[in-house]
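Visitor: with the sequence up front, the predicted model follows.
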Amino acid sequence: MPRPPTTPRPPALPGTTTGPTTKPWRPTKQQVAAAENATVPDVIGPGLRLLFVGINPGLYSGAVGHHFARPGNRFWPVLHAAGITDRRLSPFDEWELLAAGVGITNLVDRATATASKLASEELREGAERLASKVRRHHPRTVAFLGLTSYRTAFGRRAAVVGPQPETLVDARIWLLPNPSGLNAHYQVPDLAELFREAWTAASTGAAGTGSTA
């Protein structure tokens with residue numbers, strides 16, 4: 001299993017200290033603001049059952065160096081409610097996902113205040129980089145978190161939540177709603193049901209009918 005990287009905190013502000021993110025911590029407002037264009041390491045390894053693909057890190061995640069880290073993001077409670085993890089993990093526990101056959105990456109690496117800051121071309125370029133990761137690691141299913149970003153990145157304007165008819169290289173594609181707390185269309189029980197369906201289907205390894213890459 002790959003070892004988690006030691007992710008340094010952003011440069012210390014006057015009167016603060018810095019160190020590796022070995023324990024949960026909260027960034028200051030200044031550290032969050034300074035995280036524009038920061039990156040978060042992928043949680044990825046060979047032969048995953050399910051690889052989650054976010055749009056890009058938010059500033060809070062960029063500041064702490066962990067995925068879906070902003071308080072209020074429902075990704076971690078949804079994983080537990082869906083039965084994907086046996087307890088509610090925190091963003092700082094993210095490397096424990098690999099033991100369950102789960103990974104996390106993003107379409108675009110750089111952190112921004114909102115996904116609307118990303119150009120369409122960045123999303124399309126991110127799709128190409130993602131295909132390279134899939135070729136290298138061979139996840140069974142790739143689950144995209146966010147409809148609009150997937151539609152833009154792959155030119156699938158009619159795509160809806162659920163399994164997609166195409167594959168990404170040799171991986172099945174599943175489309176899920178964004179678990180951000182800003183997505184009021186889905187509550188935790190709704191998200192958990194959809195995530196559970198993807199998780200269960202990922203155990204079969206059934207492929208789609210064509211490839212996007």
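Guide: Thanks, I have it. Keep in mind the model is a prediction, meaning the values are calculated, not measured.
Visitor: show me where the protein has its strands.
Guide: Here the chain has its strands, by DSSP state E, at 50-54, 102-106, 141-145, 162-168, 171-176, 210-211.
Visitor: including mean pLDDT, distance to Ala192 and mean neighbour count, could those strands go into JSON lines?
Guide: (Glycine included, C-beta is placed from N, CA and C.) Formatted as JSON lines, the strands of the chain follow (pLDDT from 0 to 100; distance: least, Cβ to Cβ, whole Å; neighbours: other Cβ atoms under 10 Å):
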{"stretch": "strand 50-54", "mean pLDDT": "98", "distance to Ala192": "14", "mean neighbour count": "26"}
{"stretch": "strand 102-106", "mean pLDDT": "98", "distance to Ala192": "15", "mean neighbour count": "24"}
{"stretch": "strand 141-145", "mean pLDDT": "98", "distance to Ala192": "14", "mean neighbour count": "25"}
{"stretch": "strand 162-168", "mean pLDDT": "96", "distance to Ala192": "15", "mean neighbour count": "17"}
{"stretch": "strand 171-176", "mean pLDDT": "98", "distance to Ala192": "11", "mean neighbour count": "24"}
{"stretch": "strand 210-211", "mean pLDDT": "56", "distance to Ala192": "30", "mean neighbour count": "12"}
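Visitor: would you mind giving these as a markdown table with distance to Trp95 added?
Guide: Formatted as a markdown table, the strands of the chain follow (distance: least, Cβ to Cβ, whole Å):
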| stretch | distance to Trp95 |
| --- | --- |
| strand 50-54 | 14 |
| strand 102-106 | 10 |
| strand 141-145 | 18 |
| strand 162-168 | 23 |
| strand 171-176 | 21 |
| strand 210-211 | 30 |
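Visitor: figure out which of those strands is closest to Leu191.
Guide: strand 171-176 (7.7 Å; Cβ to Cβ).
Visitor: once you drop chain neighbours, what's closest to Ser120?
Guide: If the residues on either side of it in the chain are set aside, Ser120 comes closest to Thr152, at 5.3 Å by Cβ to Cβ, 6 or more residues apart in numbering.
Visitor: any idea how far stretch 68-85 is from the chain center?
Guide: 11 Å (Cα atoms, centre = their mean, to the nearest Å).
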